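Novice: curious how this folds, go ahead:
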Amino acid sequence: MLRVLVVDDELPAREELDYLLRRDGRIETILTVGSSTDALRIIERETLDAIFLDIRMPGLTGLDLAKVLARFSDPPAVVFVTAYDEHAVDAFELDVVDYLLKPVRPERLAEAVRRVAERTASGSKTPRDGIDTETIAIELGGVTRFVSRRDVLYVEAQGDYARLHTAEGSHLVRVPLTTLESQWQDAGFVRIHRRLLVALPHISEVRFDSGRCVVRVGDAELQVSRRHTAELRDILVRRARPGRGDVR
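Specialist: Numbers count the residues shown, from 1 in each chain. Next comes the predicted model:
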């Protein structure tokens, strides 16, 4: 059963979210406050599984509070609840569990609670299978969609943006490839080219021909640069033969 905190400076919005959450059988306790400052006081004395957090609030904003929580060793999961979709990229960088737009639809709230429960049950942001359940916010035509990182096959640099390729299609996010490389390294993504990151669990074939390397990921064949070929080969050998050390 989950213990959650609702933070919103507008009383009607706070009461509506409290009402909707109380209808979910996975929620045991709901606390509500009207500011991020009050939320910090609650967090200091209560054990919480999640915070449903408005973004635009006077004084300490929801983004400010989320950045503070990101420094905690074991922070509660954060779900942003906002009337504005332009903060989706910030949410992605802060590793929030979900991003809900007001007015909140009950089915979307139920999905957010499911994600909170899943993260709480795992006890970790990164499950042992190497690719976690993090979702990436995608903004398209004023609509925010969420793509599971476990579904991303590879990532392609496009200037200051990155294009996420999945089996169903591709999605452009306003995040540099270098940022994703540093954030996703522990989730099984490796650089194979200055413009490409690949999810190791999705590599189905590796070919070496005259010193050049090509990997198959889904339906795509991707060229590995000479600079990254040896590193990729070593990583694949270690994954295939755990505990064997270097292979000569």
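Novice: contacts for stretch 20-39, please.
Specialist: The set of residues external to stretch 20-39 that reach it, using Cβ atoms under 8 Å, 6 or more residues apart in numbering, is 1-9, 11, 14-15, 18, 42, 46, 48, 51-53, 57-62, 64-65, 104, 106, 109-110, 113-114, 117. C-betas here are computed from N, CA, C, even on glycine.
Novice: what sits against A50?
Specialist: A50 touches 2, 4-5, 76-79, 97, 116, 120, counting by Cβ under 8 Å, 6+ apart.
Novice: which one among those gets closest to F146?
Specialist: The closest of these to F146 turns out to be V97 (Cβ to Cβ; 10.1 Å).
Novice: how close does the closest one get to L11?
Specialist: Counting by Cβ to Cβ, to the nearest Å, the gap from V97 to L11 is 25 Å.
Novice: could you flag which of the contacts of stretch 20-39 are buried?
Specialist: 2-9, 14, 18, 48, 51-53, 57, 61-62, 65, 104, 109, 113, 117 (16 or more other Cβ atoms under 10 Å).
Novice: count the residues that sit near E168.
Specialist: 8 (other Cβ atoms under 10 Å).
Novice: any idea what the closest residue to D151 other than its chain neighbours is bridged to?
Specialist: Counting by Cβ to Cβ, 6 or more residues apart in numbering, D151 lies nearest to T166, which is 4.7 Å off, once chain neighbours are set aside. Assessed by DSSP bridges, T166 has beta-bridge partners V152.
Novice: tell me who's in contact with T166.
Specialist: 147, 151-153.
Novice: please state the mean pLDDT value computed over stretch 13-29.
Specialist: Summarised as a single mean, pLDDT over stretch 13-29 is 96.
Novice: quick one: the residue lying farthest from the centre of the chain and R194, what's the gap?
Specialist: The centre of the chain is farthest from one residue, S210, which by Cα atoms, centre = their mean lies 38.7 Å away. In this view, S210 and R194 are 21 Å apart by Cβ to Cβ.
Novice: for V155, same thing?
Specialist: Distance of V155 to R194, given as Cβ to Cβ: 12 Å.
Novice: quick one, which of those two is more surrounded?
Specialist: Using other Cβ under 10 Å as the criterion, V155 and R194 rank with V155 on top: 24 against 11.
Novice: following the helix or strand of the chain with the lowest mean pLDDT, which helix or strand shows up next?
Specialist: Ranking every helix and strand in the chain by mean pLDDT, DSSP states H and E puts helix 88-93 at the bottom, with a mean of 66. Helices and strands here follow DSSP states H and E; after helix 88-93, the next one along the chain is strand 98-101.
Novice: so which bits of that following strand are buried?
Specialist: 98-101.
Novice: could you dump those to a markdown table with distance to L180?
Specialist: Below are these laid out as a markdown table (distance: Cβ to Cβ, whole Å):
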| residue | distance to L180 |
| --- | --- |
| D98 | 20 |
| Y99 | 18 |
| L100 | 24 |
| L101 | 24 |
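Novice: quick one: which of those residues is nearest L177?
Specialist: After measuring the buried residues of strand 98-101 against L177 - Cβ to Cβ - the closest member comes out as Y99, at 22.1 Å.
Novice: domain parsing for this structure?
Specialist: What automatic domain parsing lists as the domains of the chain is 2-125, 143-240.
Novice: so how far does stretch 218-232 reach from one end to the other?
Specialist: 18 Å (Cα to Cα, to the nearest Å).
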